[in-house]
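Coordinates only, no sequence provided:
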């Protein structure tokens, strides 16, 4: 079976990326269309917020870091 021009262009592009020192990587991410996804995000956000409120040392550290950003932007 002959290779189609589209396949040839894709292969040429991938070969160029490999020559540039890159490699393909496949990652799996959560399916945002899945039923219950938004509810699970909300549940996890509440847990993080609760943990943040309980960690006063971290909040103090962040406040001090935020106070020391003068001059970071033009």
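All right, it came through fine. A quick note: this is a predicted structure, and the numbers were derived from the prediction, not measured.

make it CA atoms for all contacts and neighbour counts henceforth
OK.

and the spatially most central residue of the chain, what pLDDT?
By C-alpha atoms, centre = their mean, the mean C-alpha position of the chain lies nearest to residue 29, the distance being 9.4 Å. Each residue has a pLDDT score; the one for residue 29 is 95.

Look up how far residue 38 lies from it.
Applying C-alpha to C-alpha, to the nearest Å, one obtains 14 Å for the distance of residue 29 from residue 38.

ok so, going back, if I look at the residue nearest to the centre of the chain, how far off is residue 16?
With distances defined as C-alpha to C-alpha, the gap from residue 29 to residue 16 amounts to 27 Å.

low-scoring stretches of the chain, by residue?
In the prediction, the chain carries residues with pLDDT under 70 at positions 1-3, 74.

and the helix or strand where residue 8 lies, how far from the chain's centre?
Counting by DSSP states H and E, the element that carries residue 8 is helix 5-19. Once both centres are worked out by C-alpha atoms, centre = their mean, to the nearest Å, helix 5-19 turns out to sit 26 Å from its chain's centre.

Now the element after the top helix by length along the chain, going C-ward?
Longest helix in the chain, counting residues (DSSP state H): helix 37-54. Heading C-terminal from helix 37-54, the first helix or strand you meet, by DSSP H and E, is helix 56-67.

Go ahead and name everything in contact with that next one.
Contact partners of helix 56-67, identified using C-alpha atoms under 8 Å, 6 or more residues apart in numbering, comprise 52-53.
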